[in-house]
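Engineer: This is a predicted model, with the sequence first.
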Amino acid sequence: MTGEKTRGIIAGGGLVGLTLALALNRKGIPVKVFESVREIKPLGVGINLLPHSVQNLAKLGLLEEIEKVAIKTSSLAYYSEDGKIIWREARGLDAGYDVPQFSIHRGDFHMILLNAAIDRLGPENIISGHHLSSFDQNDDSVTAHFVDRHSGASCGQFTAEFLVGADGINSTLRQIFYPDEGPPKYSGQMLWRGVTEMDPFLDGRSMFMAGHNDLKLVAYPIRAESARRGKSYINWIAERRIPSDLA
Ligand SMILES: Cc1cc2nc3c(=O)[nH]c(=O)nc-3n(C[C@H](O)[C@H](O)[C@H](O)COP(=O)(O)OP(=O)(O)OC[C@H]3O[C@@H](n4cnc5c(N)ncnc54)[C@H](O)[C@@H]3O)c2cc1C
């Protein structure tokens, strides 16, 4: 790999790494994305894209693809634990924004980003099975070193002008910069998450939260395909405060 002409290295082909790659590509800055897993798969459950981020995704020309698969969220409603409405407010286009708020399956969104990145940057610039392990730098360049995450065997190095760590919550790059920081801290909240297809609730485009900080249920529909069949593909989250010694 060494010696190829690329200006930037992005470590991590998740939501942030691929979005950044598309944004730099739009500015004419050639980058390579190195992703740790061998095969990037559509994993996860629901995620919400708020208008300020959708605005940027629209600039990347991704709005049409997202609209095909996601739900345009119309409102967020809060309920007490016994189901009494406390507050409901409009969201996205219904709240007057120029672009929607989307509730979407993380895997659907990830695949939209991945397909766009492969298409625009070329498949040779989206490299899986490369886990960033370390880097070294001088005044002009940075060299990133990669290993196979499973075997630990080296799979080479790559030199460019800059390196960006988009390697998620257990970022290797962050551990290198802040070695004494330790692992992420437990928030005290345990979440159980899943998806269920069922009949729509409210207007079929709303998100609700019921309960309080110690015990909460959150639910929202995330797939347009399901809505087109008169159903709702519901992302649900059961959340409970659990002390760290019991978690
Ligand atoms: C499998 C998975 C499922 C998720 N599901 C949900 C969900 O359902 N709902 C939700 O709200 N959020 C979910 N998240 C979290 C969400 O994607 C992120 O919190 C958020 O979007 C920030 O994106 P990110 O790109 O920083 O991190 P991530 O999306 O976590 O992406 C980081 C990427 O970096 C890769 N990576 C890690 N270490 C290295 C390394 N050393 N070298 C190279 N690559 C590396 C990881 O394999 C991953 O692909 C999930 C994350 C993952 C990884």
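Structural biologist: That came in fine, so what should we check first?
Engineer: and stretch 132-145, how far apart are its ends?
Structural biologist: The first residue of stretch 132-145 is 6 Å away from its last residue (C-alpha to C-alpha, to the nearest Å).
Engineer: tell me which residues in that stretch are buried?
Structural biologist: Leu132, Ser133, Phe135, Val142, Thr143, Ala144, His145 (16 or more other C-beta atoms under 10 Å). All C-beta atoms are positioned from the backbone trio N, CA, C, and that covers glycine.
Engineer: Just to check, the second one is in contact with Thr172?
Structural biologist: Right, the one you point to is Ser133. Yes. If you go by C-beta atoms under 8 Å, Ser133 and Thr172 touch, sitting 6.8 Å apart.
Engineer: What pLDDT is listed against Ala247?
Structural biologist: Per-residue pLDDT puts Ala247 at 73.
Engineer: likewise Ser244?
Structural biologist: So Ser244 comes in at 82 (pLDDT).
Engineer: Ile66 too?
Structural biologist: So Ile66 comes in at 98 (pLDDT).
Engineer: for Ala160, same thing?
Structural biologist: pLDDT, Ala160: 97.
Engineer: which one of the buried residues of stretch 132-145 is nearest Pro200?
Structural biologist: Of all the buried residues of stretch 132-145, Leu132 has the smallest distance to Pro200: 43.1 Å, by C-beta to C-beta.
Engineer: what residues are up against His130?
Structural biologist: When contacts are counted by C-beta atoms under 8 Å, 6 or more residues apart in numbering, His130 touches Phe34, Glu35, Ser36, Phe146, Cys155, Gly156.
Engineer: same thing but 7 Å
Structural biologist: Phe34, Glu35, Ser36, Phe146, Cys155 (C-beta atoms under 7 Å, 6 or more residues apart in numbering).
Engineer: Could you identify the pair within those that is furthest apart?
Structural biologist: Counting by C-beta to C-beta, the most remote pair of the contacts of His130 is Glu35 and Cys155, 12.0 Å apart.
Engineer: The two - which one has more neighbours?
Structural biologist: More neighbours surround Glu35 than the other of Glu35 and Cys155, with 24 against 17 (other C-beta atoms under 10 Å).
Engineer: OK, contacts around the closest residue to that one other than its chain neighbours?
Structural biologist: Distance criterion C-beta to C-beta, 6 or more residues apart in numbering; nearest residue to Glu35, sequence neighbours excluded, is Gly13 at 3.2 Å. Contact partners of Gly13, counting by C-beta under 7 Å, 6+ apart, are Val33, Glu35, Ile40, Ile126, Ser128.
Engineer: tell me which of those residues is nearest to the ligand?
Structural biologist: Nearest to the ligand among the contacts of Gly13 is Glu35, at 5.1 Å by C-beta to the nearest ligand atom.
Engineer: Please tell me how far whichever residue of the chain sits closest to the ligand sits from Ser134.
Structural biologist: Of all residues in the chain, Gly14 sits closest to the ligand, at 1.9 Å by C-beta to the nearest ligand atom. Relative to Ser134, Gly14 is positioned 20 Å away (C-beta to C-beta, to the nearest Å).
Engineer: mind listing what's buried in the longest helix along the chain?
Structural biologist: Counting residues, the longest helix found in the chain (DSSP state H) is helix 106-121. Neighbour counts over helix 106-121 (16+ other C-beta under 10 Å) mark Arg106, Asp108, Phe109, His110, Met111, Ile112, Leu113, Leu114, Ala116, Ala117, Ile118, Leu121 as buried.
Engineer: Rounded mean pLDDT for stretch 215-227, please.
Structural biologist: The average pLDDT within stretch 215-227 is 98.
Engineer: Could you export it as PDB, CA atoms only?
Structural biologist: Output of stretch 215-227 as PDB, limited to C-alpha atoms (Å, rounded to 0.1, in the frame of the first residue of the first chain):
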ATOM      1  CA  LEU A 215     -37.600   3.900  33.900                       C
ATOM      2  CA  LYS A 216     -38.500   4.800  30.400                       C
ATOM      3  CA  LEU A 217     -39.900   3.400  27.100                       C
ATOM      4  CA  VAL A 218     -39.000   5.100  23.800                       C
ATOM      5  CA  ALA A 219     -40.500   4.100  20.500                       C
ATOM      6  CA  TYR A 220     -40.500   5.400  16.900                       C
ATOM      7  CA  PRO A 221     -41.100   4.000  13.400                       C
ATOM      8  CA  ILE A 222     -38.100   3.700  11.200                       C
ATOM      9  CA  ARG A 223     -38.900   2.200   7.800                       C
ATOM     10  CA  ALA A 224     -40.800   3.700   4.900                       C
ATOM     11  CA  GLU A 225     -41.300   0.400   3.200                       C
ATOM     12  CA  SER A 226     -43.300  -0.800   6.200                       C
ATOM     13  CA  ALA A 227     -45.400   2.400   6.200                       C
END
